[in-house]
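S.K.: What follows is a predicted protein model with its sequence.
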Amino acid sequence: LLGHTTALSGNLAAYGNIAAGMESYFGYVNENGGIGGLPIELISKDDAYVATQTIELVDELLQSDKPFAIETLGSPNTLAVYDTMNENCVPHPLAMTGHPAWGDPEGHPWTTGNQMSYATEAILWGSWIKANLADDLPVTVAGLVMDNDFGLAYEDGMETYAEENPDVVAEFIPVRHDPAAPTVTNEMTTIASEDPDVFIYMTAGNPCLLAVEESARSGLKESASVIFAPSVCKDTTSFFEPAGDAGDGFYIVGGGLKTCTDPQYRDEPYYKFTQETLEADGLDWAGQGNFCTGFNLFAWPYVEALRIANDLDGGLTRTNLMLALRAMDVQAPFMIDGISYGMSGNDDAYLIEGSDIAQYDAANASWTQIGDVVDLNGSSPNCQWSDTGC
């Protein structure tokens, strides 16, 4: 293929807006000279969040389209193909998942993540509980867990924290739900019956909204001292506004990301640029926050890495792309001030290791930051993943 080609394999039925947002940013870059004069071409494939389909699609891409790089969405889907990507020495950058397994620069040097690790997020949940519920310790924590590699990574992180900090968490009660089920009512009823002090939903996609709604219906919102949403459910337009006041007061370890649907960021120059570019492509960023997620969190750093790679000796090669990613240390415009964005070779394999902690304000459809941001840059240990964890 002429030019520079990247491929995206993901559940377009649920996250097609991410791909559309990426394509919008790539289009802007192409209109302004591309990367060293080469255009970026995005090929999107829908694996319906089924790992076996991810394997088939990646094999098809490798054999027929021969892309420069392949991005994947979803923990089970990425785990299913990251051995193949590394065996073929094809860049597998910025996986759209915070599974800790992407922090393995020695065993899987061609794969990187982007988001804050779910293991780091679990530590921050526990740290907040210890600092803010001191008079009630130890507490009972319940989790609504998506029953796949994504949710189980969260579950493993919280179980590890609970085992290491019995003075903070007396009991952790995970209740798993089928990712394909249309409701989580039964699971939420079970959780409510346990009367936990803290409830954390460890899920993604539409179940994020369902968890908010069911927290109110089951009485859990009134009985629990604290409810945490996961970082992947931060978008207000998709996961909170449709639930009205049900999510008011929920907390989040947000992963340090600004969301352009949040009113507090809409007037920033970079977000004005984001909005105008998406609107010019006919994309409703105000109604669907994932357009902005694709534009910023996934397209922007990918383009920056390509630009850096193009300036290295040898120009734009797959090896230089990975070198650029693992040496990246930038001020990302979509990150909250005070949180680092970068890696350091084989020593630090996670781009984002800090977070804001915020509380949802339903009246303003916005997150209100609580206290200072936490920047743990360089402190998350690398992870050689196995069935028993890192």
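M.R.: In hand now; what should we look at? Residues are numbered from 1 along each chain as shown.
S.K.: OK, contacts around T277?
M.R.: Taking CB atoms under 8 Å, 6 or more residues apart in numbering, we find T277 in contact with 24-25, 28, 295. C-beta coordinates here come from the backbone N, C-alpha and C atoms, glycine included.
S.K.: If we use 10 Å, what do you get?
M.R.: When contacts are counted by CB atoms under 10 Å, 6 or more residues apart in numbering, T277 touches 21, 24-25, 27-28, 283, 285, 291, 295.
S.K.: of these, buried ones?
M.R.: Neighbour-count burial (16 or more other CB atoms under 10 Å) applied to the contacts of T277 gives 21, 24-25, 27-28, 283, 285, 291, 295.
S.K.: Any chance of a markdown table for those, columns secondary structure and pLDDT?
M.R.: Below are those laid out as a markdown table (DSSP: H, G, I helix; E, B strand; the rest coil; pLDDT from 0 to 100):
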| residue | secondary structure | pLDDT |
| --- | --- | --- |
| G21 | helix | 95 |
| S24 | helix | 97 |
| Y25 | helix | 97 |
| G27 | helix | 97 |
| Y28 | helix | 98 |
| L283 | coil | 95 |
| W285 | coil | 89 |
| F291 | helix | 92 |
| F295 | helix | 96 |
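S.K.: Out of those, which two sit at the greatest distance?
M.R.: Distance extremes for the buried ones among the contacts of T277: the farthest pair is G27 and W285 at 14.7 Å, using CB to CB.
S.K.: where along the stretch 51-200 of the chain do the helices fall?
M.R.: For the stretch 51-200 of the chain, the helices defined by DSSP state H, counting those that start in this stretch occupy 51-60, 75-87, 118-132, 149-164, 185-194.
S.K.: out of these, which comes closest to V226?
M.R.: The nearest among those, by CB to CB, is helix 118-132 at 7.4 Å.
S.K.: ok, and for the closest one, which residues are buried?
M.R.: Buried residues in helix 118-132, counted by 16+ other CB under 10 Å: 118-130.
S.K.: okay if I get those residues as CSV plus pLDDT and distance to N382?
M.R.: Shown next, in CSV, are these (pLDDT from 0 to 100; distance: CB to CB, whole Å):
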residue, pLDDT, distance to N382
Y118, 95, 15
A119, 93, 11
T120, 93, 12
E121, 95, 17
A122, 95, 17
I123, 94, 16
L124, 95, 19
W125, 97, 22
G126, 96, 21
S127, 95, 21
W128, 96, 25
I129, 97, 26
K130, 96, 25
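S.K.: Most widely separated two among the residues you listed?
M.R.: Spatially, the most separated pair among the buried residues of helix 118-132 is Y118 and K130, at 18.9 Å (CB to CB).
S.K.: If we ignore the residues flanking it in sequence, what's nearest S231?
M.R.: Take S231 and drop its neighbours on the chain: the residue closest to it by CB to CB, 6 or more residues apart in numbering is G255, 3.9 Å away.
S.K.: my bad, should have said E241
M.R.: Spatial nearest neighbour of E241, excluding adjacent residues (CB to CB, 6+ apart): A365 at 5.3 Å.
S.K.: Next: G126.
M.R.: Using CB to CB, 6+ apart and skipping the chain neighbours, the partner closest in space to G126 is Y161 (4.2 Å).
S.K.: re the thing from before, need the per-residue pLDDT for the residue nearest to S231.
M.R.: Note for G255: predicted pLDDT of 93.
S.K.: same question, D65
M.R.: In this prediction, D65 has a pLDDT value of 88.
S.K.: burial of it, as a residue count?
M.R.: Using other CB atoms under 10 Å, the number of residues around D65 comes to 15.
S.K.: residues touching it, list them.
M.R.: Neighbouring residues of D65 by CB under 10 Å, 6+ apart: 1, 5, 7, 41, 43, 45.
S.K.: got a list of what the last one touches?
M.R.: With contact taken as CB under 10 Å, 6+ apart, K45 is in contact with 7-10, 12, 19, 53-54, 56-58, 60-61, 65, 70, 72.
S.K.: at 8 Å instead, please
M.R.: Contact analysis of K45 by CB under 8 Å, 6+ apart lists 7-10, 12, 57, 60-61.
S.K.: can I get these in a markdown table with distance to L312, pLDDT and neighbour count?
M.R.: Formatted as a markdown table, the contacts of K45 follow (distance: CB to CB, whole Å; pLDDT from 0 to 100; neighbours: other CB atoms under 10 Å):
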| residue | distance to L312 | pLDDT | neighbour count |
| --- | --- | --- | --- |
| A7 | 23 | 78 | 23 |
| L8 | 24 | 75 | 26 |
| S9 | 27 | 77 | 27 |
| G10 | 29 | 75 | 26 |
| L12 | 33 | 67 | 19 |
| L57 | 30 | 94 | 22 |
| E60 | 30 | 94 | 13 |
| L61 | 25 | 93 | 19 |
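S.K.: now, the most widely separated pair of those?
M.R.: Based on CB to CB, the longest span within the contacts of K45 runs between L12 and E60 and measures 15.4 Å.
S.K.: show me what contacts the nearest residue to T111 once chain neighbours are set aside?
M.R.: The shortest distance from T111 to any non-neighbouring residue, by CB to CB, 6+ apart, is to H92 (4.2 Å). By CB under 8 Å, 6+ apart, the contact list for H92 reads 69-72, 78, 81-82, 85-86, 108, 110-112.
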